[in-house]
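> Provided below are the primary sequence and the corresponding predicted coordinates.
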Amino acid sequence: MYTIKDYLKFYKDISFEDVSFNEIDNILFSELSYLTWKGIVNKEKINLLDAINLYLDKNVIEINNNFLKGIKENIKIIKDSKRYQDCYLFNFQKEVTDEKQFGAISILFNRNLYISYEGTDSSISGWKENFEMCYNFPTKAMIDAINYINKINSNKYKNIYVGGHSKGGNLAVVASMYAKKGIKKKIKFIYNNDGPGLTNDIFNSKEFKEIESKIKLYIPGDSIVGSLMYQPQITKIIKSNNFSVFEHDCNSWEVFGTMFVETKPSRGSKELKTRTINFLEEFDIDKRKEIIETIFLILEKNNIRYLEDFKKLNLDKLNKILNNIKNIDKNTKNLILNGIKNLLFNKKNVKIS
């Protein structure tokens, strides 16, 4: 089973002229916005390989999780590559407050521009941002993403690609929807790498329909985040060498040559998709907010702070957590329980007692 690391090792010295930019290069570029390039990448462009070597020399401290470790391993592979030697980074932004987390970076290659939006990390507070999109539009990060794309000079570039992983994939879609006319015309593809979809009203808006055909949606077989809300039909379901929620890590997605290895969506992922659509249709915005905020508050109070903590969670404890939520009816508790249960434990349907 090959992953992006194998791709980077094999193709790192093969130019874009010989092998065109593809969906695996998209993953590499979408990951670059996760890293902290402060003091290395500013408004002025800097060669990607020079930036990587400065980043590694400075030994920049990032959040300690497997996903970011994987990204750092990827850039180490390409730090002396020929394929990426003429790529440039510029316009790095990162802002984290109590109200938002936003990051973006621009990548220039062969007169083309890739705008990379940062997604959420493996923290539960970060994942909460994905679920908040069920009741909040536009979020502060969405507004920042729109402002970011609209500051570029589209006349400089042959094609524009917009992408991101997790929440960054959603930001790529939303930013493209509200991009200026000249920018929108230059956009070739929008890469949503396992990012959330949109609520029904936004999904059916004129702005979305204008860019829908350009969206490339990639989700793993056990997708959670990419199964949230309404998504376009142009989807590639990807095989992962991980399992459950941990398939969200795009470094685990299997590749063959310059393409992803496809699979079928899991039963749990399909059920979660159905449940989230039903959730959107059944509850109004205020109720959605109440439910989601309560769920994440309970998780945090029970020391479920990172994805890795779900490994310590058993059904009895999950049952206890949900029973402590006083303002949600039993049917909704069962919906939540079975949504998590199908993905984490692969059990038959169970009910709150």
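Right, received. Where do you want to start? Numbers count the residues shown, from 1 in each chain.

> I'd like the average pLDDT over stretch 184-204.
For stretch 184-204, mean pLDDT rounds to 96.

> Make residue 1 into 825 and carry on from there
Right, with 825 as the first residue, what we last looked at is stretch 1008-1028.

> Pull out the buried positions in that stretch.
Going by neighbour count (16 or more other C-beta atoms under 10 Å), the buried part of stretch 1008-1028 is 1008, 1010-1011, 1013-1023, 1026. (Glycine included, C-beta is placed from N, CA and C.)

> ditto for stretch 887-907
Under the neighbour-count criterion of 16+ other C-beta under 10 Å, stretch 887-907 has Phe891, Leu892, Gly894, Ile895, Lys896, Asn898, Ile899, Ile901, Ile902, Lys903, Ser905, Arg907 buried.

> I'd like those as CSV, with secondary structure appended.
Below are these laid out as CSV (DSSP: H, G, I helix; E, B strand; the rest coil):
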residue, secondary structure
Phe891, helix
Leu892, helix
Gly894, helix
Ile895, helix
Lys896, helix
Asn898, helix
Ile899, helix
Ile901, helix
Ile902, helix
Lys903, coil
Ser905, coil
Arg907, coil
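
> got the residues you listed as TSV, with pLDDT and distance to Met957 columns?
Converted to TSV, the buried residues of stretch 887-907 look like this (pLDDT from 0 to 100; distance: C-beta to C-beta, whole Å):
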residue	pLDDT	distance to Met957
Phe891	88	20
Leu892	90	23
Gly894	94	25
Ile895	96	24
Lys896	96	28
Asn898	98	27
Ile899	98	29
Ile901	98	33
Ile902	98	32
Lys903	97	35
Ser905	97	36
Arg907	98	35
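
> closest to Met966 among those?
Closest to Met966 out of these is Phe891 (22.3 Å), distances taken as C-beta to C-beta.

> you'd agree that closest one is up against Ser1076?
No - Phe891 is beyond contact range of Ser1076, at 9.3 Å (criterion: C-beta atoms under 8 Å).

> The buried residues of stretch 1008-1028 in helices, which ones?
Lys1008, Lys1010, Ile1026 (DSSP state H).

> Would you tell me which one of the residues you listed comes nearest to Ile1061?
Nearest to Ile1061 among these: Ile1026, at 23.4 Å, using C-beta to C-beta.

> Look up how far Leu872 lies from the closest one.
Taking C-beta to C-beta, to the nearest Å as the measure, Ile1026 and Leu872 are separated by 34 Å.

> can you list the ones in helices among the buried residues of stretch 1008-1028 in TSV and add distance to Asn1127?
Shown next, in TSV, are these (distance: C-beta to C-beta, whole Å):
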residue	distance to Asn1127
Lys1008	45
Lys1010	47
Ile1026	35
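
> out of those residues, who's nearest Lys1136?
Closest approach between these and Lys1136, by C-beta to C-beta: Ile1026, at 36.3 Å.

> Could you pull out the buried residues of stretch 1096-1103?
Those buried within stretch 1096-1103 under the rule 16+ other C-beta under 10 Å are Leu1096, Lys1097, Arg1099, Thr1100, Ile1101, Phe1103.

> Tell me the one among these nearest to Asn866.
Of all those, Thr1100 has the smallest distance to Asn866: 39.6 Å, by C-beta to C-beta.

> Met1053 is in contact with that closest one, correct?
Yes - at 6.2 Å, Thr1100 counts as touching Met1053 under the criterion of C-beta under 8 Å.
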